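Asks: what follows is a predicted protein model with its sequence.
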Amino acid sequence: MLKILAGSSSHAFGARVAEAFGADLIPVNTTRFSDGEFQVSIEETVRGKEVVIIQGTYPPTDNLFELLLLIDAAKRASAKRIIAMIPYFGWARQDRKDKPRVAIGAKLVANLLTAAGIDRLITMDLHADQIQGFFEVPVDHLYASTIFIPYLEQLDRTNLCIATPDTGGTKRANSYAKRLGVDMAICYKQRAVANQVESMTVIGNVKGKDVVLVDDMCDTAGTLTKAADLMMEHGAKSVRALCTHGVLSGPAYERIANSSLTELVVTDSLPLREGAEAAKIKVLPVHDLFAKTLTCLIEERSISSELIV
């Protein structure tokens, strides 16, 4: 029997997953002390059960540490198997040593989760696919394209063009373009420092096209909005964007509202600011996809057959 519980950062998302799966969330009590320390307690027995713990690991680090505490609590409560469901895997941008004397944060997080005691990980659109190899346990890597492709198929595809805001997303954009049978364009960018784009150029013809920018995340929206403006300067008819994870930190909301984007489509992997959908932002739910994945696990059916990659 499967038991589902959720940490504080993903409680609303966890409730939607549990409802779609046909189960109730196990109550979790979090006690916070005046110095900032906190303690978690699972308020129902999980002995001999398969336990799914739903928690995003985006900053602050309290979210990651709460997940580690919940895993440890379930392990010490004699859970049969522990499955970590992380809709947005934070620290994933630190997936390699790109200069001397830096940490590989994604690998460290993988080590922490493994040491805490997870038996399986379910996540979606990792910043780099190779992060799956950082784990010594099975990883079910879901793709938001399963949700985004049907959405795009409803649009008029006569002049549709798929584009990527940077060269790192070329493979993703190419898979979308092939699936939809449309053209593709690439934005080539150079960064001065993190979260700040120095220069950007367009590779490909976007004149008269309805451009769709696809990316795994939107953080400060600097790259995305600059790419959208550049597309319009090169003669694009319209520009919208699809991003799996709406991190939307700092000036992101203002940049999107003042940009050339007609809309930004994100999933509900991360909680958004109240009223976000009024500012050109559309949210497509993915809790059904995660619930379906759990069903496949329980029934020992293929998960990849349910995905559109």
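Replies: Sure thing, it's come through. Numbering: from 1, shown residues only.

Asks: CA atoms for contacts and neighbours, from now on please.
Replies: Fine.

Asks: after the helix or strand bottoming out on mean pLDDT in the chain, which helix or strand is next?
Replies: Ranked by mean pLDDT, DSSP states H and E, the weakest helix or strand in the chain is strand 196-203, scoring a mean of 74. Proceeding N to C from strand 196-203, the next assigned helix or strand is strand 210-218, under DSSP states H and E.

Asks: which elements pack onto that following strand?
Replies: Applying 3 or more Cα pairs under 8 Å, 6 or more residues apart in numbering; DSSP states H and E, one finds that strand 210-218 contacts strand 160-164, helix 170-180, helix 222-233, strand 238-246.

Asks: want to throw those into JSON lines with distance to residue 272 and mean neighbour count?
Replies: As requested, these are arranged in JSON lines below (distance: least, Cα to Cα, whole Å; neighbours: other Cα atoms under 10 Å):
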{"stretch": "strand 160-164", "distance to residue 272": "23", "mean neighbour count": "28"}
{"stretch": "helix 170-180", "distance to residue 272": "24", "mean neighbour count": "18"}
{"stretch": "helix 222-233", "distance to residue 272": "18", "mean neighbour count": "22"}
{"stretch": "strand 238-246", "distance to residue 272": "7", "mean neighbour count": "25"}
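
Asks: how about those, which one is nearest residue 252?
Replies: The closest of the helices and strands packed on strand 210-218 to residue 252 is helix 222-233. By Cα to Cα, the value is 7.4 Å.

Asks: show residues contacting that closest one.
Replies: 165, 187, 195-197, 200-202, 206, 211, 213, 218, 238-241, 252, 255-256, 259-261 (Cα atoms under 8 Å, 6 or more residues apart in numbering).

Asks: let's see the PyMOL selection covering just the buried ones among those.
Replies: Restricted to buried positions by 16 or more other Cα atoms under 10 Å, the PyMOL selection for the contacts of helix 222-233 reads:
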select buried, resi 165+187+200+201+202+206+211+213+218+238+239+240+241+252+255+256+259+260+261
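
Asks: so where's this protein uncertain?
Replies: Along the chain, segments meeting pLDDT under 70 span 190-198, 275-279.
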